[in-house]
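Trainee: quick one: sequence and predicted model below, then my questions.
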Amino acid sequence: MPDIAVPDLRRLGHFVAVVEASGFTRAAENLHLSQQALSSSVQQLEREIGASLLVRAGRRISLTPAGQTLLDEGRALLAAAKTVAQRTREAASAQPDEFVVGHSPAISNGEVYQLLEPAIAASPMTSFTVVQLFPDRLVSGVRDGTVHLGLRRGVVPQERLASAVARYDTLRVALRSDHPLAAARAHIPVADLASESIVLWAPPGASYYSDFLVNVCRRAGFEPQYRVSRVQGCPPEVAPLTDDAVAFVTSPPGPAIGDAVTVVDIDGPVLVPLQGLWQPHTSSAVRDLILDATVTT
């Protein structure tokens with residue numbers, strides 16, 4: 001196959017800046033360049049790519065199909081290049097490597113540690129930071145490289161991110177400890193929740209994890225009565241106390257929240273995937289250690 005010209009990253013950055021600014025005038029001001037220099041840079045990029053990227057109509061621009069493709073893929077490439085440069089500088093310094101893991105509120109710190117434990121043991125020169133983020137901030141953090149590995153419940157299609165199922169966790173039910181179902185039996189059929197209000201952390205359609213939980217109920221033969229939790233960011237086990245409803249959780253069975261809540265197994269069992277997300281075009285030995293240690297709990 002003939003060699004394919006690789007786009008110059010500086011010119012690629014200029015192109016993205018023009019699109020994000022909706023024109024050359026504002027982009028040139030933001031980049032502290034003349035409009036002529038910026039236009040010349042984008043034209044040179046078009047010659048390198050061998051395709052027209054923009055349709056110019058006076059001061060207005062629009063993307064060609066090739067331009068839209070380059071915009072989508074180019075943003076990921078620029079973010080990856082920034083990450084590579086940062087990691088190279090870190091490798092040249094005496095400071096320990098830092099690996100940042102972001103996780104959604106549906107995943108506890110304890111669950112994250114269990115996933116990271118093999119990598120922590122095998123990477124004594126790496127400093128690990130774990131932060132809880134809501135899904136939109138989690139995805140944006142992975143995209144811009146400030147989060148090296150994102151973890152969320154459910155399998156969410158991510159066209160511009162790399163992803164894999166990191167592990168599967170057993171789904172359970174959290175109830176107030178004085179709830180009749182809490183002491184009725186060691187395992188609860190999902191169908192027994194048909195008359196209960198079930199807490200979700202986002203409406204169905206807005207969250208793949210919510211969709212997953214709703215479908216668990218539908219497979220058991222009922223349409224769930226759900227409410228969106230009024231307390232966001234706390235451990236899922238608190239939902240029976242704050243919202244007077246039952247909640248699907250992945251914490252171990254038994255008492256929780258100072259014995260005020262009881263976590264009970266579900267007949268089945270039902271397994272929920274935990275998805276890992278990371279920046280495309282990047283490699284990481286630490287990330288590979290985490291994702292290779294797939295377990296089911």
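Mentor: Nice, thanks for sending it over.
Trainee: what's the longest helix seen in the chain packed up against?
Mentor: The helix that spans the most residues within the chain, counting by DSSP state H, is helix 65-92. Here helix 65-92 is seen to pack against helix 9-20, strand 97-103, helix 135-144 when contacts are counted using 3 or more CB pairs under 8 Å, 6 or more residues apart in numbering; DSSP states H and E. Where C-beta positions appear, they are placed from N, C-alpha and C, glycine not excepted.
Trainee: for it, give the mean pLDDT please.
Mentor: Averaged across helix 65-92, pLDDT comes to 82.
Trainee: still on that earlier bit, make TSV out of the helices and strands packed on helix 65-92 and add distance to Val270.
Mentor: Conversion of the helices and strands packed on helix 65-92 to TSV gives the following (distance: least, CB to CB, whole Å):
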stretch	distance to Val270
helix 9-20	43
strand 97-103	21
helix 135-144	21
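Trainee: now the ones you listed as TSV including distance to Ala166 and mean neighbour count?
Mentor: Formatted as TSV, the helices and strands packed on helix 65-92 follow (distance: least, CB to CB, whole Å; neighbours: other CB atoms under 10 Å):
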stretch	distance to Ala166	mean neighbour count
helix 9-20	31	19
strand 97-103	10	20
helix 135-144	13	18
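Trainee: now distance to Leu71 and mean pLDDT too, for these, in JSON lines please.
Mentor: Output for those, formatted as JSON lines (distance: least, CB to CB, whole Å; pLDDT from 0 to 100):
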{"stretch": "helix 9-20", "distance to Leu71": "6", "mean pLDDT": "90"}
{"stretch": "strand 97-103", "distance to Leu71": "25", "mean pLDDT": "92"}
{"stretch": "helix 135-144", "distance to Leu71": "14", "mean pLDDT": "89"}
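Trainee: for the stretch 101-250 of the chain, give me the ranges with low pLDDT.
Mentor: Applying pLDDT under 70 to the stretch 101-250 of the chain picks out residues 159, 184.
Trainee: any idea which of the helices and strands packed on helix 65-92 gets closest to Ile120?
Mentor: Comparing the helices and strands packed on helix 65-92 against Ile120 with CB to CB, the closest turns out to be strand 97-103 (9.4 Å).
Trainee: in its sheet, what does that closest one sit against?
Mentor: Partner strands for strand 97-103, per DSSP bridges, with pairing direction: strand 126-132 (parallel), strand 149-153 (parallel).
Trainee: single out the most deeply packed of the ones you listed.
Mentor: Each of the strands paired with strand 97-103 was given a mean neighbour count from mean count of other CB atoms under 10 Å, and the largest, a mean of 26, is that of strand 149-153.
Trainee: show residues contacting that one.
Mentor: The list of residues contacting strand 149-153 from outside it, by CB atoms under 8 Å, 6 or more residues apart in numbering, reads 99-104, 106-107, 112, 115, 133, 135, 138-139, 141-142, 166, 208-209, 212, 272-278, 284, 287, 290.
Trainee: SS state for the residue lying closest to Ala37 once chain neighbours are set aside?
Mentor: Distances taken as CB to CB, 6 or more residues apart in numbering put Ala28 closest to Ala37, at 7.7 Å, once the chain neighbours are dropped. For Ala28, the secondary structure call by DSSP: H, G, I helix; E, B strand; the rest coil comes out as helix.
Trainee: ok, Pro157 - contacts?
Mentor: The neighbours of Pro157, taking CB under 8 Å, 6+ apart as the test, come to nothing; the list is empty.
Trainee: how does this protein divide into domains?
Mentor: 9-88, 96-168+273-293, 172-269 (the TED database).
Trainee: for stretch 261-274, what is the average pLDDT?
Mentor: Stretch 261-274 shows a mean pLDDT of 92 in the predicted model.
Trainee: which element is the closest residue to Leu213 other than its chain neighbours on?
Mentor: When the adjacent residues along the chain are set aside, Leu213 lies closest to Phe248, with 5.2 Å between them (CB to CB, 6+ apart). Secondary structure assigned from DSSP states H and E places Phe248 in strand 246-249.
Trainee: Cys234 is nearest to which of the strands paired with strand 97-103?
Mentor: Nearest to Cys234, of those and by CB to CB, is strand 126-132 at 10.2 Å.
Trainee: and the angle for the closest one with helix 135-144?
Mentor: 150 degrees (axes from the mean of the first three to the mean of the last three CA atoms, to 10 degrees).
Trainee: residues touching strand 126-132, excluding its own?
Mentor: Strand 126-132 has contacts (CB under 8 Å, 6+ apart) with 96-105, 109, 112-113, 116, 119-120, 147, 233, 286.
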